[in-house]
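> What follows is a predicted structure for the sequence shown.
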Amino acid sequence: MSGNNLVLPIVLWGRTAPTHCISSLLVLDDCSAVITGCHDGQICLWDMTPELQVPPRAMLFGHTSSITCLAKANACTDKQYIVSASENGEMCLWDVNDGRCIEFSKLACAHTDIQFYQFTIGTQREGRLLCNGHYPEVLVLDASSLEVLYSLVSKISPDWISAMSIIRSHRTQEDTVVAVSVTGILKVWIITAEVSRMQDLDPVFEEESKPIQCQNCQSISFCHFTQNSLLVVCSKYWRVFDAGDYSLLCSVPSEADQGWTGGDFISADKVIVWTEDGCSYIYKLPPSCLSASEHFRSDVGKTREGAVPPLIYKIADQPDKKLLICPPVTRFFFSRREPFHKLLIQGDSEGRLSMWNVPDSTPAPQHSTPELPVSCTLSLQESFDGLMPVSSGIIDQLSAQPGKEQPIKVTASVYIPAQGRLVCGREDGSIILVPATQTAIVQLLQGEHMLRRGWPPHRTLRGHRNKVTCVLYPYQVSPRYDQRALVSGGVDFSVIVWDIFTGEMKHIFCVHGGEITQLLVPPENCSTRVQHCVCSVASDHSVGLLSLKERKCIMLASRHLFPIQVIKWRPADDYLVVGCSDGSVYVWQMDTGTRSHTRPYLNLLCVLYYVLQGNLPKYSHNALVVQAMKTNVSDPDMHVLFFDVEAVIIQLLTEEAQRPNPTLVSPRACTRIFKQVKETMKETIKEHLLDDDEEEEEEQRRREEKSKSLSLLEYNLTMDTAKLFMSCLHAWGLNQQLDLICLERLGMLRPHCPISFGLISRGGHMSLMLPTFKESLLRKLSVATGRKLTLSDIVGKGTYGLSRAVTTQHLLSVISLANTLMGMTNATFVGEHMKKAPTRPPRPGGTPESPRRGSSAPQSSPPPQAHIKQGWSQLAAMHCVMLPDLLGLDKYRPPLLEMLARRWQDRCLEVREAAQALLLAELRRIGVSGRKDTIDLWAPYLPQYVDTVSSRESRPMKIMKFNQSQTLDLTQKKRTNRVASSLRSSLPS
């Protein structure tokens, strides 16, 4: 789902929150949001209220390994950018407001800490990212492009950097980078304006190198209150140094059974340090560490290791906290803007955020150290449990358990776009086959289906004795497989082959000694025997090739010592390559089942690059794709519905072209032609068929089998997809008359809960709104409008107040689809045409599918064609022009002009026209001043116009372009000039 296609995700999370084992966290400068990264690679955005509540808003997907560090990437208040890094070298630049991925890159080194640094050149401010990690230097990256500009290198004792801090000087133009290596050597680099402007790979060497005996350094912090002290925290002690000559002022050891993991200054005379078990302590520094004291530096050279400063507060671990699988992450943040909070925030492996508001005052002396009470604590699961109505899963209405609140969890899924079916394996061993659009409508939209029990029609397959772990439909990957074969694996060690149409169990493979973890399809160019197999991977470290044609296992490789992580193929040599978690690679002969050779502890990427070239699955554009996702292998499946707007439009227009046009041929001529063709066919059948009875019986059997196999598909998949999509996108509640037209005339359905949309950005990175986003949205809109809003105020229209990028995607989709439906015949979601897609023109005189009977049941007739077209026209006009006035500017996030400009020449005509109409409407709305600001912002990217008469003898005019390596062709020049002219003509002379 990547590329330039306009794709919108809608997610059904279910009642179980995704696993979020927090590995890093960050608080924005204005304390408006908390960002947490987890060991599984996801990033969660938590909105922070003035009351220090932290409802989760969205989850960002894009990293493929554990998040190691988070940092802010700009100092502006209007654009809140953060940068994230993972342990495999991936870096992403995110927009916190809407979850877009602005830029991404991948380096060969892993970062453990990133710090943002801003410098000024004249009137221009630029940002840099200083990174340290598992490499012996400090890399300096551009904060907007993530490109490496230069590096800070050590001449003396180069080694990995454990911790780093930036000391900003207010007296000189020189800033200092102070770092401590893993061997306890302090390094100092000086950054000047000339160094900051460097954009080559010439290294900058250190100015000072001094051993301070701080091995295993965890963090280093600079005192912004006095600018005279450094706090260095190691696992066995924390120390305070003079920032001038880095002499030791104070040293405090840790307890015997715990280790320090970090610390920071909370004022000029107080520090806070925390341990690996989640406890924190606030100490008052001795006078020898305070620059304002007359005893400053009095203990230099004679500091006693056993001297412990007074303990003011302690923050103990929660008494009811469960045993965690990894140490919690603790950070201290001091807000330099209103309301100037001093916050200690902790995130643990259960996805829980705990927050303490650190006071400025010092308590009176007591017999015991007072404990600081927690200000707020919330986990993802607790936020899910507090939702009303509850967050729905994809088949919750079919998975209810008598006497239990939680439905049966879905543990494996596969979507079959050609049939519109969703296959869901559950934790009780059963498999459900259900129409995807129908079950999504049940979960998201209101209608008569809410009163029907067991809706939609479905089929249940029972054969596994316990949880289903994986499901595969081989025909979807390659047409060489039988269209009826469905393969499933479970924790009962078995692999079962099903007939997807009849629900019959065809065969059971019991060859593994552990639960099945993967089911794969071999590539096309394997041997003929292997092409009819599926590859099964089990938890007992075995791999099998199971032949669906021969109904037997033709190869079982079970000598792997560690869990299997990846399977690759080399068909030319008949090799199956197995990569294990310890880095070893096993190569097996597929036809014989013998092990060719083993390469232990090799780099898997190098070997697999040599083995596999071009075996990536091909993506075919479908109007709807349902993708099962999970953040951790222990989680149940959540399902994301990807709507491809261009594919929906193409399928709608294709069905429109297949419908018969009654104006071309008169009914009398159709009847006469049909009678002639019928008589000719009868004569041909009598001449060529030897046994009429056997052929009729065969045909009857085939018809019955076909009708049985398609019993779940008696609906128009394309129109059902459009109905679901348009019902979710429409801004309900703004125009009551239009809402009534949508319900009665167009057949749309109103949502019964706020819908969790998503946004796909660069490189396939994706942000998905959590079902708890409505709490954050209600708070923002209540503050903007000045009145308390309820859930009904945002159902159906709240998504247009989330972010500008989401508004742009939604408006483009709803306007382009409304214009497409307006040009179609009988484009309403009410009537008989919704039951089945048109395959051929109806025969005069009646057919077996639609016989002419006088006693037929009355059907709901669709509205007149003119009324339908008028309804779609009003819907498009409201979203294109009237939405800002109806919704109110305080609740409306306008579309992004740059995103609309990129769609100005979209390959899909309907999307192109929608983008052009939206862009012109938005330019009119923002007025003269807004258009002037847009011109000033776009000026570097627009053509430079000169007088053609005076420039005939001059050199050819140069055009400023987005990409200097490519030249614009003549057609693109004319289009760009036309856009620029329309923008400039709207400005005052």
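Nice, I can see it.
> what about P158, neighbour count?
A count of neighbours around P158, defined by other Cβ atoms under 10 Å, yields 16. Just so you know, the C-beta spots here come from the backbone N, C-alpha and C atoms, and that holds for glycine as well.
> Within the helices and strands, which one has the closest residue to it other than its chain neighbours?
Excluding the flanking residues, the one nearest P158 by Cβ to Cβ, 6 or more residues apart in numbering is P136, at 4.3 Å. Element membership for P136 (DSSP states H and E) is strand 135-142.
> Show me what that strand is packed against.
strand 124-133, strand 148-153, strand 161-167 (3 or more Cβ pairs under 8 Å, 6 or more residues apart in numbering; DSSP states H and E).
> State the mean pLDDT of that strand.
The pLDDT scores in strand 135-142 average 90.
> what do you get for stretch 81-99?
On average, stretch 81-99 scores 93.
> Equivalent analysis for stretch 404-423, please.
Mean pLDDT, stretch 404-423: 91.
> Equivalent analysis for stretch 284-295, please.
Mean pLDDT, computed over stretch 284-295, is 82.
> do stretch 260-273 as well
Looking at stretch 260-273 alone, the average pLDDT works out to 92.
> looking at the helices and strands packed on strand 135-142, which is buried most?
Looking across the helices and strands packed on strand 135-142 with neighbours counted as mean count of other Cβ atoms under 10 Å, the highest average goes to strand 161-167: a mean of 21.
> Give the burial count for the residue nearest to P158, as a bare number.
15.
> in the chain, which residue is closest to the centre?
A centroid search over the chain (Cα atoms, centre = their mean) returns M766, at 2.8 Å, as the residue closest to the centre.
> Model confidence score at it, please.
With respect to pLDDT, M766 scores 94.
> now do P370
Looking at P370, its pLDDT stands at 85.
> For it, which non-adjacent residue is closest in space?
Closest to P370 by Cβ to Cβ, 6+ apart is P363, at 5.6 Å.
> so what's that neighbour up against?
Counting by Cβ atoms under 8 Å, 6 or more residues apart in numbering, P363 touches I312, Y313, P370.
> Present the helices and strands packed on strand 135-142 as TSV; the columns should include distance to E103.
TSV is the format used below for these (distance: least, Cβ to Cβ, whole Å):
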stretch	distance to E103
strand 124-133	11
strand 148-153	13
strand 161-167	22
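> Compare those strands and give me the one nearest L519.
Nearest of the helices and strands packed on strand 135-142 to L519, taken as Cβ to Cβ: strand 124-133 at 37.3 Å.
> The closest one packs against which elements?
strand 111-121, strand 135-142, strand 161-167.
> Tell me which of the helices and strands packed on strand 135-142 sits nearest to S581.
Evaluated with Cβ to Cβ, those place strand 124-133 nearest to S581, the distance being 22.8 Å.
> Quick one: residues in contact with the closest one.
Outside of strand 124-133, the residues within contact range by Cβ under 8 Å, 6+ apart are 68, 71, 73-75, 83, 85, 109-120, 138-144, 146, 149, 152, 160-161, 163-164, 166, 177, 179, 196.
> Among these, the buried ones, what's the ChimeraX command?
Filtering the contacts of strand 124-133 down to the buried ones (16 or more other Cβ atoms under 10 Å) takes a single ChimeraX command:
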select :68,71,73,74,83,85,110,111,112,113,114,115,116,117,119,138,139,140,141,143,144,146,149,152,161,163,164,166,177,179,196
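> So which of the contacts of P363 are in strands?
Of these, the ones assigned to strands by DSSP state E are I312, Y313.
> Check the gap between the residue lying closest to L519 once chain neighbours are set aside and T502 for me.
Spatial nearest neighbour of L519, excluding adjacent residues (Cβ to Cβ, 6+ apart): L472 at 3.9 Å. Counting by Cβ to Cβ, to the nearest Å, the gap from L472 to T502 is 18 Å.
> Give me the more crowded residue out of the two.
More neighbours surround L472 than the other of L472 and T502, with 24 against 13 (other Cβ under 10 Å).
> so what's G490 up against?
G490 makes contact with G425, G429, H464, R465, N466, K467, V468, T469, I496, E515, I516 under the criterion Cβ under 8 Å, 6+ apart.
> ok, now with 6 Å
Applying Cβ atoms under 6 Å, 6 or more residues apart in numbering to G490 gives the contacts H464, N466, V468, T469.
> which one is it nearest to, not counting chain neighbours?
Nearest residue to G490 in three dimensions, chain neighbours excluded: H464, at 3.9 Å (Cβ to Cβ, 6+ apart).
> ok now do the one you found, which residues does it touch?
H464 makes contact with G429, G490, D492 under the criterion Cβ under 6 Å, 6+ apart.
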